[in-house]
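**Q** here is my input, please return the structure:
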Amino acid sequence: MVAAEGLIAASAGPRLGLIAQSYARLTGRSLPEPLWTAPCVILAHGTQDDPIFFYGNRLALELFETTAAAHIATPSRLSAEPVAREDRARLLAQVAARGFIDDYAGVRVSATGRRFRIERATVWNLLDADGAVHGQAATFSDWTEL
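**A** Numbering: from 1, shown residues only. Purely as a prediction, here's the structure:
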């Protein structure tokens, strides 16, 4: 798992620091440190037209049943079932407009097709000190297998 952590950190680069910094700035709360071993799922994607995950902590990789290498090559839209992607797109648009939301719930799908419902997720914009957006991130601790 050490190799996985290194690959994920390299993928995130300077955006890694923005995950916790933006969360604290926008929500007034702190994420558990270190992020990699936090007792909650933490994910982040970039700003591409079809955003690609650049971060997923240990628990995220386990829940989504994927490897670090596969995760950082995956469009984040694939974490939702095709029928739920329109709702997910609306959620991300709300986050872009508001900065964050902390009451998201929805069905997600692992790399192997296993479905689960996440609840009470916080989703936020990754902002640098100048307010430029570098992606979006999410964290949650509550999910139910479907």
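**Q** where does pLDDT dip in the chain?
**A** By pLDDT under 70, the low-scoring segments of the chain are 1.
**Q** now the strands: where do they sit in it?
**A** Using DSSP state E, the strands found in the chain span residues 41-45, 53-56, 100-109, 115-127, 133-140, 142-145.
**Q** out of those strands, deepest packed?
**A** strand 53-56 (a mean of 26; mean count of other Cβ atoms under 10 Å). For every residue, glycine as well, the C-beta is placed using N, CA and C.
**Q** mind listing the residues bridging to the residue nearest the centre of the chain?
**A** Residue closest to the mean C-alpha point of the chain, counted by Cα atoms, centre = their mean, is Leu43 at 2.3 Å. Using DSSP bridges, the beta-bridge partners of Leu43 come out as Gly56, Ala138.
**Q** shouldn't it be in contact with Phe53?
**A** Yes - the criterion here is Cβ atoms under 8 Å, and Leu43 meets it with Phe53 at 6.3 Å.
**Q** shared neighbours of these two, anything?
**A** Residues touching both Leu43 and Phe53 by Cβ atoms under 8 Å, 6 or more residues apart in numbering: Ser76, Ser79.
**Q** end-to-end on stretch 36-44?
**A** With Cα to Cα, to the nearest Å as the measure, the ends of stretch 36-44 fall 12 Å from one another.
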